[in-house]
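Participant: I'll drop the sequence and a predicted model, then ask my questions.
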Amino acid sequence: MDKYSVYSARLVDQTEYMAPGHRACQGCAEVLAVRLILKALGRDTIMAMSTGCMEIISSPLPLTSWRIPWIHNAFENSSAVVSGCESGMKAMMRKGRIPQKKINFVAMGGDGATADIGMGPLSGALERGHDFLYVCLDNEAYMNTGIQRSSSTPYGASTTTSPAGKKSIGQHTQKKNMAQIAVAHNIPYVATACTSYPFDLMEKAKRAAEMNGAAYLHVLSVCPTGWRIPPEEAIKYGRLAVESGMFPLYEVVNGKYSLSYKPPVMIPVKEYLAAQGRYRHLTDTDLHKIEEMAMQEYQRIVRLSEGD
């Protein structure tokens, strides 16, 4: 029994704030992440969402899957839009135009909207200290426009704009560490999560929303289409990412690190990478290099969580 068993049994909201009937790909772990986060946050939530997979699949005119106030904005500016929402609602409450109440202000975008195009507005919103939650849905590439690389694409992955070849390993830079960039803004709450660990994800979303100030949640969202895996194995690959140390689950609360899950036995990174089509070109030497880089970062997080 895991530590969230009571939470899972008694407190999961049965309401679907993102309605079924959307157009997500089969096996999409990203849309599952959105559903779980909204169950944790509840109806009193206002969301600004960048252009991307979740916006495309959920709002084909004249239909919508959203059962909360939801704003579609440009690729780069969900943080700026939700900052305005938060400031405006606070002003209206202060002037007595609407009742005082707790509202969850959420900005949401993919890794491209977060780590690339929206980096400036996100940094500004975190620095200003708006009371909001930013959620990065990280599927590690620009998936809805044809699987192009982003700065969150891992080293060695092949995409349409970083293709593997005789002289190219594919993506030749390391994945941008957005969680650590958020930590550097000295905000109250930063965490990583994965859809394959649903109650950990919901608990972190709830805790982030309850913080007074800015919070950042980075969610690994497995994409069967872009990762070249069978759609029924999305949850499996999220677990492999965590259990191999490629994607550690942790929280940083007011600067204090804590590891959310420590695999009892670390599986080889090769087991996570080998069956993904985007990595099929890698040699044993390449796999060993990737494992070394992953273990270095994982051990750094472990040391920080132990107070070193």
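Facilitator: Structure received. Residues are numbered from 1 along each chain as shown.
Participant: Quick check: end-to-end length of stretch 215-232?
Facilitator: End-to-end distance for stretch 215-232, by CA to CA, to the nearest Å: 32 Å.
Participant: Can you show me the helices along the stretch 101-250 of the chain?
Facilitator: 111, 119-128, 178-183, 198-210, 224-227, 234-243 (DSSP state H, counting those that start in this stretch).
Participant: and the longest one, what does it pack onto?
Facilitator: Taking 3 or more CB pairs under 8 Å, 6 or more residues apart in numbering; DSSP states H and E as contact, the helices and strands that helix 198-210 lies on are helix 5-10, helix 29-41, strand 133-138, strand 189-194, strand 215-220. Every residue, glycine included, has its C-beta placed from N, CA and C.
Participant: now with 6 Å?
Facilitator: Using 3 or more CB pairs under 6 Å, 6 or more residues apart in numbering; DSSP states H and E, the elements in contact with helix 198-210 are helix 29-41, strand 189-194.
Participant: Mind listing the strands the next helix or strand after the longest one pairs with, and their directions?
Facilitator: Spelled out, that is helix 29-41. Proceeding N to C from helix 29-41, the next assigned helix or strand is strand 45-50, under DSSP states H and E. With DSSP bridges as the test, strand 45-50 is paired with strand 70-73 (parallel), strand 104-110 (parallel).
Participant: so Q100 makes contact with M93?
Facilitator: Yes - at 5.1 Å, Q100 counts as touching M93 under the criterion of CB atoms under 6 Å.
Participant: Of these two, which one has the most company?
Facilitator: Neighbours per residue (other CB atoms under 10 Å) separate Q100 from M93, with M93 holding more: 14 against 8.
Participant: Provide a list of residues in contact with I37.
Facilitator: A205 (CB atoms under 6 Å, 6 or more residues apart in numbering).
Participant: in stretch 86-103, what's buried?
Facilitator: 86, 89, 103 (16 or more other CB atoms under 10 Å).
Participant: name the element M93 belongs to?
Facilitator: Element membership for M93 (DSSP H and E) is helix 78-94.
Participant: If you count contacts, what does that helix end up packed against?
Facilitator: strand 45-50, strand 104-110, helix 119-128.
Participant: Next, the angle helix 119-128 makes with it.
Facilitator: Going by axes from the mean of the first three to the mean of the last three CA atoms, to 10 degrees, helix 78-94 is angled at 30 degrees with respect to helix 119-128.
Participant: residues in contact with helix 78-94?
Facilitator: 46, 48-50, 71, 73, 98, 100, 105, 107, 109, 121-122, 125, 130-132.
Participant: Next: stretch 241-256.
Facilitator: 183, 188-192, 194, 220, 258-261, 263, 266-267, 269, 272, 294-295, 298, 301.
Participant: Geometric centre of the protein: which residue is closest?
Facilitator: Nearest to the geometric centre of the chain sits V219, at 2.3 Å (CA atoms, centre = their mean).
Participant: which residues touch it?
Facilitator: Going by CB under 6 Å, 6+ apart, V219 touches 33, 137, 193.
Participant: quick one: the second one and G110 touch, right?
Facilitator: Spelled out, it's L137. Yes - the pair L137 / G110 is scored as a contact, 5.3 Å apart, by CB under 6 Å.
Participant: just to revisit the earlier point, export the helices and strands packed on helix 198-210 to CSV and tack on distance to D284?
Facilitator: Shown next, in CSV, are those (distance: least, CB to CB, whole Å):
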stretch, distance to D284
helix 29-41, 28
strand 189-194, 27
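Participant: If you tally nearby residues, what's the number for the nearest residue to G27 once chain neighbours are set aside?
Facilitator: Excluding the flanking residues, the one nearest G27 by CB to CB, 6 or more residues apart in numbering is P231, at 2.7 Å. Using other CB under 10 Å, P231 is surrounded by 14 other residues.
Participant: try V253
Facilitator: 15.
Participant: so it bridges to which residues?
Facilitator: Bridge pairing for V253 - DSSP bridges - gives Y189, K256.
Participant: Could you check how far it is from A182?
Facilitator: 13 Å (CB to CB, to the nearest Å).
Participant: before we move on, what about S78?
Facilitator: Counting by CB to CB - S78 and A182 are separated by 15 Å.
Participant: out of these two, which sits in the more crowded spot?
Facilitator: Remark: of S78 and A182, S78 carries more neighbours, 31 against 25, as counted by other CB under 10 Å.
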